[in-house]
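> Here's my sequence, what's the structure:
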Amino acid sequence: MNTVDPKSLRKSRLFLLLIALVFAAPMIAAGVLTLAGWQPGAKGNGQPILPQRNFVSEQLRVKLADGSDYAWRESKPRMTLVALAGPGCASRCLQALTAMAKARVMLNRNQSRLRLLYLGAPPADAGERAAMQNYWQLGQDVDGRLASYRPAAPDSVSAVLVESNGTALSLYPAGFDPAGLLRDLQKVIR
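Next up is the predicted model:
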């Protein structure tokens, strides 16, 4: 007959309890932190759009320069960066637009997964307008439903990042950091 030493049995049970505690401790800590109101996560550089909007379900119409309607959804999932120009887009506005186009190029092989849409009056200079058309689709917000995101200051531009299903994710108000925009794009476009 096998007899079990009570001292070694207690020691084995203690080891089993310690092993279970090692695996349970992170979950318990996460639960305590969540109940305390702290949520881990990477902070984006844009401002979250709350309440959340979906431009497809809202049937938000954008008329492109060629007269066609902008399709928020395409056959391939691609995000859209919408640039909303303030009054009188000039040098500062063009610098911001160039930085946004540069951020798209910096996505390297993933740059085709981001579309650039410019809404507003294009620059008066024909040469600048032609240069913009190399990177941007030009259009107009037909019903003015994006007016709350448009900057009021002259020669400025803000941006809205829109998911491939039409959901507006983030607002980048006038004066945003282009490097921060690039970091956010690199996080969501892989």
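
> hey, where'd the helices end up in the chain?
Chain-ordered helices for the chain, with DSSP state H as the definition, fall at 6-35, 91-105, 126-132, 178-188.

> and these, which one is worst for confidence?
Lowest mean pLDDT within these: helix 126-132, at a mean of 71.

> Pull out the buried residues from that helix.
For helix 126-132, burial by neighbour count (16 or more other Cβ atoms under 10 Å) applies to 128, 131-132. For every residue, glycine as well, the C-beta is placed using N, CA and C.

> tell me which of those is nearest to Pro122?
Nearest to Pro122 among the buried residues of helix 126-132: Met132, at 6.5 Å, using Cβ to Cβ.

> re earlier: for the buried residues of helix 126-132, give me JSON lines that also has distance to Phe23.
Putting the buried residues of helix 126-132 into JSON lines (distance: Cβ to Cβ, whole Å) gives the following:
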{"residue": "Glu128", "distance to Phe23": "61"}
{"residue": "Ala131", "distance to Phe23": "58"}
{"residue": "Met132", "distance to Phe23": "56"}
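
> picking up where we left off before, now the helices of the chain in CSV, with distance to Ala153?
As requested, the helices of the chain are exported to CSV (distance: least, Cβ to Cβ, whole Å):
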stretch, distance to Ala153
helix 6-35, 40
helix 91-105, 9
helix 126-132, 19
helix 178-188, 17
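
> ok, how many other residues are close to Arg92?
Arg92: 16 surrounding residues under other Cβ atoms under 10 Å.

> meant to ask about Gln133
Gln133 is flanked by 13 other residues according to other Cβ under 10 Å.

> for the helices of the chain, which one sits closest to Met79?
helix 178-188 (6.9 Å).

> what residues does that closest one touch?
Under the contact criterion Cβ atoms under 8 Å, 6 or more residues apart in numbering, helix 178-188 has outside partners 42, 44-46, 79, 81, 96, 99-100, 102-104, 106-107, 114, 159, 161, 169-170, 172.

> which of these are buried?
44-46, 79, 81, 96, 99-100, 103-104, 107, 114, 159, 161, 169-170, 172.

> Sort out for me which of the residues you listed are in strands.
Per DSSP state E, strands hold the following members of the buried ones among the contacts of helix 178-188: 79, 81, 114, 159, 161, 169-170, 172.

> want to throw the residues you listed into TSV with pLDDT and distance to Ala147?
Below are those laid out as TSV (pLDDT from 0 to 100; distance: Cβ to Cβ, whole Å):
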residue	pLDDT	distance to Ala147
Met79	95	22
Leu81	97	18
Leu114	95	24
Ala159	96	15
Leu161	96	18
Leu169	92	19
Ser170	94	18
Tyr172	96	16
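
> Could you single out the nearest of those to Leu138?
Leu81 (13.8 Å).

> Wait, the closest one touches Arg115, no?
Yes - Leu81 is in contact with Arg115 according to Cβ atoms under 8 Å; the separation is 7.3 Å.
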